[in-house]
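> Provide a 3D model corresponding to the input given below.
(2 chains)
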Amino acid sequence: MTRTTVDLWVGIFVTMGVAALVFLALKVGNLGGGQVRNPYELTANFDNIGGLKARAPVKSAGVVVGRISSIHLDKQHYQAVVTLQMDGRYTFPKDTFATINTSGLLGEQYIGLEPGGDPEDLGAGDVIKKTQSAVVLEKLISQFMFSKAEEGAAAK
Amino acid sequence: MLERTAYAFRLIGAKVVNGVWRVGQLARFFALILLHSGTSFRRLQLTLREVYFSGVLSLIIIMVSGLFVGMVLGLQGFDTLQRYGSEEILGVLVALSLVRELGPVVAGLLFASRAGSAMTAEIGLMKATEQLAAMDMMAVDPVARVVAPRFWGGVISMPILALLFSAMGVLGGYLVGVMLIGIDSGSFWAQMQAAVDFRRDILNGVIKSVVFGVAVSLVAVFEGYDSDATAEGVSRATTRTVVTSSLAILGLDFILTSFMFRG
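Residues are numbered from 1 along each chain as shown, chains lettered A, B, ... in the order given. Here you go, the predicted structure:
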């Protein structure tokens, strides 16, 4: 097969395209670093998840240890069932406490895990029993207002 | 009065019927190209030559445009984000808008006007100078020999150009955000990596650019093949290519986005 300059240029062109894809995948995207390895699933029930969304991170001590794979409503108890996809490198005790936190003032919501002292670890498919709902700002304000009003009534 | 209204309706009706007719022709032509694509891959040299003409020669305009679009995004994004004190997510803004939308769409529009118009003019001129008819006489199928390699050349080039556009845009955003304005480089990349998902954002962008590549190349070769065999006909076909394929890109982009990023 004869080699032409066109071939060289097309080769350079395609190589640049592949380089751009690799750059986007590794440097811009999260392929390589952010993916959850050997995942196992846990579920947690919350009374209220606030603005939590699927794909939000699961953190423990600030380190990302998993991602939320799905959220749906349990029809019997009217609770939100959150499925967590956990990184296989990390395990947590049975009495781990799951809370819904917000990063920054307006940031995204994530699930924070606080490990307990149980010697046994949570395995695949287990349910995190101890959970704390998201803080809903309106509820907080109304509670504050009611308590203020009660204070005012008591003072009179 | 009545006659004039009737005339107006007739005109609109004729336009609509003509449009539907062309869509049908376009679909038939697409099938014809796919049927005659064997040659473009058996004689890869033909297709590579077209990749060179539509892809390699578009490199400069695509990369420079990408760089500047990214730099402008950096400046404008910073201006808005700093009001909320969240300059660090500038990287997220630049990367997501480029990878998801601007990369495929702007690269597609540039590709349509840079390479699509050239394809149409070339094929149209071949038709006007009866080269296509001559090929037919020599039992060389013009669709297999001329049209299909150009089509596939465009389809191959377009995603690569869109990727390069996005990559250059991110670099442009980095230049402005980190080098010029002075956002912390670590948080620029880290926030970006946390927000950009390979499958959801980058692969969907690539899928978009492949679809745009098919649309632009198909419209370009069709308009060229279908043009009137006169100088005026070729010029009108070239204009129609740019207009139709640009509109097709924007319309398809809306449809694809509503499938990919809803919910």
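> can you give me the helices in chain A?
For chain A, the helices identified by DSSP state H occupy A:5-23, A:137-155, in order along the chain.
> Need the winner for burial among these.
For these, average neighbour numbers computed from mean count of other Cβ atoms under 10 Å in any protein chain shown are highest in helix A:5-23, which has a mean of 16. All C-beta atoms are positioned from the backbone trio N, CA, C, and that covers glycine.
> coming back round to it: for the helices of chain A, which has the smallest mean pLDDT value?
Between the helices of chain A, the one with the least mean pLDDT is helix A:137-155; it has a mean of 84.
> Alpha carbons of it, as PDB, please.
Coordinates of the C-alpha atoms in helix A:137-155 are reproduced here as PDB (Å, rounded to 0.1, in the frame of the first residue of the first chain):
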ATOM      1  CA  LEU A 137     -35.900  25.500  56.100                       C
ATOM      2  CA  GLU A 138     -39.600  26.300  56.200                       C
ATOM      3  CA  LYS A 139     -40.100  23.900  59.100                       C
ATOM      4  CA  LEU A 140     -37.200  25.400  61.000                       C
ATOM      5  CA  ILE A 141     -38.500  28.900  60.500                       C
ATOM      6  CA  SER A 142     -42.100  28.000  61.600                       C
ATOM      7  CA  GLN A 143     -40.700  26.200  64.700                       C
ATOM      8  CA  PHE A 144     -38.700  29.300  65.500                       C
ATOM      9  CA  MET A 145     -41.700  31.600  65.000                       C
ATOM     10  CA  PHE A 146     -44.000  29.400  67.200                       C
ATOM     11  CA  SER A 147     -41.400  29.300  70.000                       C
ATOM     12  CA  LYS A 148     -41.000  33.000  69.800                       C
ATOM     13  CA  ALA A 149     -44.800  33.500  69.900                       C
ATOM     14  CA  GLU A 150     -45.000  31.200  72.900                       C
ATOM     15  CA  GLU A 151     -42.300  33.200  74.700                       C
ATOM     16  CA  GLY A 152     -44.200  36.400  74.000                       C
ATOM     17  CA  ALA A 153     -47.400  34.900  75.400                       C
ATOM     18  CA  ALA A 154     -45.600  33.600  78.500                       C
ATOM     19  CA  ALA A 155     -44.000  37.000  79.200                       C
END
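> which SSE is the residue in the stretch 101-250 of chain B positioned nearest to chain A in?
With Cβ to the nearest Cβ as the measure, B:Ile160 is the residue of the stretch 101-250 of chain B nearest to chain A, at 3.2 Å. The secondary structure element spanning B:Ile160 is helix B:148-174 (assigned by DSSP states H and E).
> out of the helices of chain A, which comes closest to chain B?
Short answer: helix A:5-23, nearest of these by Cβ to the nearest Cβ, at 3.2 Å.
> what angle sits between the closest one and helix B:148-174?
Put simply, helix A:5-23 runs at 40 degrees to helix B:148-174, going by axes from the mean of the first three to the mean of the last three Cα atoms, to 10 degrees.
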